[in-house]
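Peer 1: sequence-free structure coming up:
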């Protein structure tokens, strides 16, 4: 019984760590993966470097997107560095 009593605080610490740190981090990761997977042409995005621009091309094979940051100026960005989508475009009708 004494061994079980000394194990209870460790279990409580693990549960607290799980609910306060691990679980919210996993949820945030899933949301970011969904955001990156849903990128399409015309979306206005913000990169991790703070660059704001419009997606002009999605390169599925290379896992990159082309982002136009000024008229005629386009940069290739790794998809995972996109941190936010400021405005979404409407899906193209079939």
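Peer 2: That came through fine. What you are looking at is a predicted structure, and each value in this text was computed from that prediction instead of being measured.
Peer 1: Name the nearest residue to residue 43, ignoring sequence neighbours.
Peer 2: Distances taken as C-beta to C-beta, 6 or more residues apart in numbering place residue 55 nearest to residue 43, at 4.7 Å, with adjacent residues excluded. Every C-beta, even on glycine, is put in place using the N, C-alpha and C of the backbone.
Peer 1: How about the contacts made by the one you found?
Peer 2: Residue 55 makes contacts with 39, 40, 41, 42, 43, 44, 45, 65, 66, 67, 68, as judged by C-beta atoms under 8 Å, 6 or more residues apart in numbering.
Peer 1: Narrow those residues to those that are buried.
Peer 2: With burial judged by 16 or more other C-beta atoms under 10 Å, the buried subset of the contacts of residue 55 is 39, 43, 44, 45, 65, 66, 67.
Peer 1: Tell me the helix or strand right after the helix or strand that contains residue 14.
Peer 2: Using DSSP states H and E, residue 14 sits in helix 2-17. Once the chain leaves helix 2-17, the next helix or strand it forms, by DSSP H and E, is helix 23-37.
Peer 1: right, and the helix or strand after that following helix?
Peer 2: Downstream of helix 23-37 (by DSSP H and E), the next one is strand 44-47.
Peer 1: what are the pairing partners of that next one, and which direction each?
Peer 2: Here strand 44-47 has these sheet partners by DSSP bridges: strand 52-59 (antiparallel), strand 82-87 (antiparallel).
Peer 1: All set now, cheers.
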